[in-house]
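Visitor: coordinates only, sequence not included:
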DNA sequence: GGGAATATGAAATAATAATTCCAATCCATA
DNA sequence: TATGGATTGGAATTATTATTTCATATTCCC
C-alpha cells in the first residue's frame, strides 16, 4: 500500500525515468524540467519554478504528490539534500587530500600527495588547453612522413609512451634516444616533410634544446609541450602547448602531459584514417 | 557612500573575517555560525537558522543589514549562489567529460576522453589502495641493495620514470631494458639482498613474466603492480598491487600506476633517510 | 459520438516566513 | 554610579509562498 517515497535524488531520478511514459503531458513537462534543472528546483519557489517550466504551480504540486510526496516542499528537500551531499566538491576533496599529504605522516600521505598533484594537473590542463592549438598540432603531425619524438630525463617516459602508441597505431616514428650517442645523426635524417614532438620542462635538458634547435633549422616543424612561454622550446616550435604540472615532494606529475600526448597520438591516428577514407572515395 | 555589498561568497567571507573584531557579540555569533555552516544558511529559514545559532531571527537580519544587504533574503542568495556555482560534483563533471568524449566529434573529444580516463583511474586507486601493502612494499624496497625495475611495452614509461626518480634520489637501481638483449644476464646479477619492482598489465608481455619468474627463483623479492589477482605477476610477487586503469580509445591511462610508482619511489627515499638518521643517533 | 475519468488552469486560501518595532538590557564613559 | 548610546529579545506585522479548490478542458473508452 504505502508507495515508497524516494528519499534521495538518485532514487527519485530513477523513479521519474521509470514512469516517464505514463505521466500526463504537463506532469511530464515538469518532470523533464526537474531532471534538467535540479538546482532550480532546489532553490526556486513553486511559482518561479512553475513559470520557468511553463506550467502552473498546482501542476508542480501534483507532480510531487504523484511521486508520493505530500507536497512540493518535501519534494524540494530531496533536491536540496542532493546539493548538501554533493558537499565534497572536487576542490574540497582535493584540498583534503593535500592537507592529509602535508600534515599526515606515513607513506599513505605521500601517495595522497601524488594523487592530488595528478588530479590538479589534469584539472588545470582540462581548463586551459586551447582547442585550436590541438587541431593545428594534429594536422601538422598527421601530414608528417615520420614523427620524431624528442624528450629526455623527466619527460622521457612520455616520449616512450608516445612512441609505443604511435607504433601500435602503425604510424612511422622515431624516438630520439641517447643510448648509442647517435642523436645528431638521427636528427640529421629529418626533413621538412617530417615532424617532431618535443617535450621539455624547466630545467630544460640542454640536449633536448640543442636537438630541437638543430632540427628546426632543417625546416622540420616542431610541436612542443613545455611549461611556459619563456621556454626555449617554445621559440623553435610551430605549435606549442603550455602544461603546468603540479608537483609533490619535488617530483612533478606527468598526468596532464600524458593525457595531452595521448590525445595528440590518437588524434593523428584518427586524422590519418579519415584522410585515407577520403582518398579512396 | 554606497558600501560595497559582497556579491559572492568569497568576498563575503573576507568581509566578515575582516570585521570580525568590531562586531557586537550576537552578530559575531551568527557570523561565526554562517562561516561554519554555510549550507545551513543556504537552505534554512531565518527562524531555523537563528535557533541553530542560538540567536533571535531579528539578529540574523541585523547581521545581513550590517553587511550591506537589505535583508536576510538577499544575504541568503549569496550562500545559495555558492552551492550552485560550486563546480558540479566530481562525478558529474567526469560524466560530462565522458559524454563529450563519446558523443562529441573532433579532437577535443579525444582529449577529454583521456582526461576522464586518467581522473577515473586516480579516483579508483585512491579508494582501493591498501595502506598496509604500501608500507610493506616500501619496507621491502628500502632494504634492497639494488632495485631492479622491470617493465615492457605499455608499462615501460612507468619503469623509466621510476628509474629516473630513483636516480635523482641517489638510490641504486637498474632498469632492465631490452635494447642490448642482455636481460637474462642482467637478471642473473640480482641476489636476495636486492629487490624488484615489476609492472605488467594484460596482455602481459611474455618477457616481463619470464624475467620475473627467473628472478623470483633466485630468491629476489618482487613488488608487482598489475591488474588482477589472475595476473601471472601476482604469483611471483612478495607484495602486489592491483591497479585498474581506465582506458580510452584502446589506450589505458597510466596515471594511477604513475602515482603509485612515485609513492613507492619517494617512500623508499624517505624510509632510507629515516633509517640513516637512526643509525647515526 | 457520448460520457466518465482524468488533467489542467486560475484564483482563493492557508501556511509559513521575513521583517519591523518597541521595550528591556547591556556597556562604556563621565 | 548615573546616563546615553548601542545591542538584544520577543512579539506584532507584513510579505511571500505553498496549497487547495473549483471550473474548464482534454482524453480515453464503450
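Guide: Received, thanks. These figures come from a predicted structure and were not determined experimentally.

Visitor: list the contacts of residue A:151.
Guide: Applying Cβ atoms under 8 Å, 6 or more residues apart in numbering or on different chains, we find residue A:151 in contact with A:158, A:159, A:198, A:199, A:200, A:208. To be clear about C-beta, it is placed using only N, CA and C from the backbone, and glycine gets the same treatment.

Visitor: distance of residue A:199 relative to DNA strand C?
Guide: Here the distance between residue A:199 and DNA strand C works out to 56 Å (Cβ to the nearest atom of the strand, to the nearest Å).

Visitor: try residue A:232
Guide: Taken as Cβ to the nearest atom of the strand, the span from residue A:232 to DNA strand C is 60 Å.

Visitor: for residue A:144, same thing?
Guide: On the measure of Cβ to the nearest atom of the strand, residue A:144 and DNA strand C end up 60 Å apart.

Visitor: again, but for residue A:186
Guide: From residue A:186 across to DNA strand C, the span is 72 Å (Cβ to the nearest atom of the strand).

Visitor: how many neighbours does the nearest residue to residue A:201 once chain neighbours are set aside have?
Guide: Using Cβ to Cβ, 6 or more residues apart in numbering or on different chains and skipping residues adjacent in sequence, the residue nearest residue A:201 is residue A:227, 4.7 Å away. For residue A:227, the tally of surrounding residues (other Cβ atoms under 10 Å in any protein chain shown) stands at 19.

Visitor: let me see the contact set for residue A:227.
Guide: Under the criterion of Cβ under 8 Å, 6+ apart, the neighbours of residue A:227 are A:201, A:202, A:242, A:243, A:244, A:245.

Visitor: so what does it look like in phi/psi?
Guide: For residue A:227, the backbone dihedrals are phi -110, psi 0 (criterion: degrees, to the nearest 10).

Visitor: and the contacts of residue A:151, which is closest to chain B?
Guide: Within the contacts of residue A:151, proximity to chain B (Cβ to the nearest Cβ) peaks at residue A:158, which comes in at 6.9 Å.

Visitor: elements contacting the helix or strand hosting the closest one?
Guide: According to DSSP states H and E, residue A:158 maps onto helix A:156-168. Using 3 or more Cβ pairs under 8 Å, 6 or more residues apart in numbering or on different chains; DSSP states H and E as the contact test, the elements touching helix A:156-168 are strand A:147-151, strand A:173-175, strand A:195-199, helix A:255-280, helix B:156-168.

Visitor: that one: how far from the chain's middle?
Guide: Taking the mean C-alpha point of helix A:156-168 and that of its whole chain, the gap between them comes to 19 Å (Cα atoms, centre = their mean, to the nearest Å).

Visitor: so which bits of that helix are buried?
Guide: In terms of neighbour count (16 or more other Cβ atoms under 10 Å in any protein chain shown), helix A:156-168 has its buried residues at A:156, A:157, A:158, A:159, A:160, A:161, A:162, A:163, A:164, A:165, A:166.

Visitor: now do the same contact list for the second one.
Guide: It stands for residue A:157. Here residue A:157 is in contact with A:254, B:157, B:158, B:160, B:161, B:164 (criterion: Cβ under 8 Å, 6+ apart).

Visitor: same check, this time on the fifth one
Guide: Contacts were defined as Cβ under 8 Å, 6+ apart; by that measure residue A:160 touches A:175, B:156, B:157, B:160.

Visitor: again, only using 6 Å
Guide: B:156, B:157, B:160 (Cβ atoms under 6 Å, 6 or more residues apart in numbering or on different chains).

Visitor: put together a markdown table for the residues you listed, with pLDDT and distance to residue B:216 on each row.
Guide: Below are these laid out as a markdown table (pLDDT from 0 to 100; distance: Cβ to Cβ, whole Å):
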| residue | pLDDT | distance to residue B:216 |
| --- | --- | --- |
| B:156 | 94 | 20 |
| B:157 | 95 | 24 |
| B:160 | 95 | 22 |
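
Visitor: what is the nearest of these to residue A:22?
Guide: Here the nearest of those to residue A:22, counting by Cβ to Cβ, is residue B:157; it sits at 53.5 Å.

Visitor: separation between that closest one and residue B:129?
Guide: Here the criterion is Cβ to Cβ, to the nearest Å. By it, residue B:157 lies 20 Å from residue B:129.

Visitor: sec struct for the residue in the stretch 101-250 of chain A that DNA strand D sits nearest to, please.
Guide: Here the residue of the stretch 101-250 of chain A nearest DNA strand D is residue A:127; by Cβ to the nearest atom of the strand that distance is 35.2 Å. Recorded secondary structure, residue A:127: helix (DSSP: H, G, I helix; E, B strand; the rest coil).

Visitor: if we can go back for a sec, tell me the most buried of the helices and strands packed on helix A:156-168?
Guide: The highest mean neighbour count among these, using mean count of other Cβ atoms under 10 Å in any protein chain shown, belongs to strand A:195-199: a mean of 27.

Visitor: pull out the buried residues from the helix or strand following that one.
Guide: Secondary structure here is assigned by DSSP H and E; on that basis, the next helix or strand after strand A:195-199 toward the C-terminus is helix A:206-217. Residues of helix A:206-217 classed as buried under the neighbour-count rule (16+ other Cβ under 10 Å) are A:208, A:209, A:211, A:212, A:214, A:215, A:216.

Visitor: contacting residues for the first one?
Guide: Residue A:208 makes contact with A:152, A:200, according to Cβ under 6 Å, 6+ apart.

Visitor: now stretch A:197-215, how far from the centre of its chain.
Guide: Taking mean C-alpha positions (Cα atoms, centre = their mean), stretch A:197-215 and its chain are 26 Å apart.

Visitor: can the helix or strand containing residue A:61 be found next to DNA strand D?
Guide: The secondary structure element spanning residue A:61 is helix A:57-66 (assigned by DSSP H and E). Yes - judged by Cβ under 7 Å from any atom of the strand, helix A:57-66 and DNA strand D are in contact via A:57, A:58, A:61, A:64.

Visitor: for that helix, which positions count as buried?
Guide: Of the residues in helix A:57-66, those buried under the neighbour-count criterion (16+ other Cβ under 10 Å) are A:59, A:60, A:61, A:62, A:63, A:64.

Visitor: do the same with stretch A:71-82
Guide: For stretch A:71-82, the neighbour count (16+ other Cβ under 10 Å) marks A:72, A:75, A:76, A:78, A:79, A:80, A:81, A:82 as buried.

Visitor: by mean pLDDT, point me to the weakest helix or strand of chain A.
Guide: Evaluated with mean pLDDT, DSSP states H and E, the helix-and-strand set of chain A has its lowest mean pLDDT in helix A:90-103, which scores a mean of 67.

Visitor: rewinding a little: what about the helix holding residue A:61, near DNA strand C?
Guide: Yes - using Cβ under 7 Å from any atom of the strand, helix A:57-66 reaches DNA strand C at A:57, A:58, A:59, A:62.

Visitor: double-check that residue A:240 belongs to a helix.
Guide: No - the assignment for residue A:240, made by three-state DSSP, is strand rather than a helix.

Visitor: show me what contacts it?
Guide: Each residue near residue A:240 by Cβ under 6 Å, 6+ apart is listed here: A:224, A:234.

Visitor: so it versus residue A:225, what's the distance?
Guide: Using Cβ to Cβ, which is the criterion applied here, residue A:240 is 7 Å from residue A:225.

Visitor: find residues that contact each of the two.
Guide: Taking Cβ under 6 Å, 6+ apart as the contact rule, residue A:240 and residue A:225 touch no residue in common.

Visitor: angle of the helix or strand containing residue A:135 against helix A:255-280?
Guide: Here residue A:135, judged by DSSP H and E, is contained in helix A:131-142. Between the axis of helix A:131-142 and that of helix A:255-280 there is an angle of 60 degrees, by axes from the mean of the first three to the mean of the last three Cα atoms, to 10 degrees.

Visitor: list phi and psi for residue A:188.
Guide: The main-chain torsion angles of residue A:188 are listed as degrees, to the nearest 10 and equal phi -60, psi -20.

Visitor: what about it, how many neighbours?
Guide: Residues within reach of residue A:188, counting by other Cβ under 10 Å, total 12.

Visitor: how about the one 4 residues further on?
Guide: Taking other Cβ under 10 Å as the criterion, the count of residues near residue A:192 is 11.
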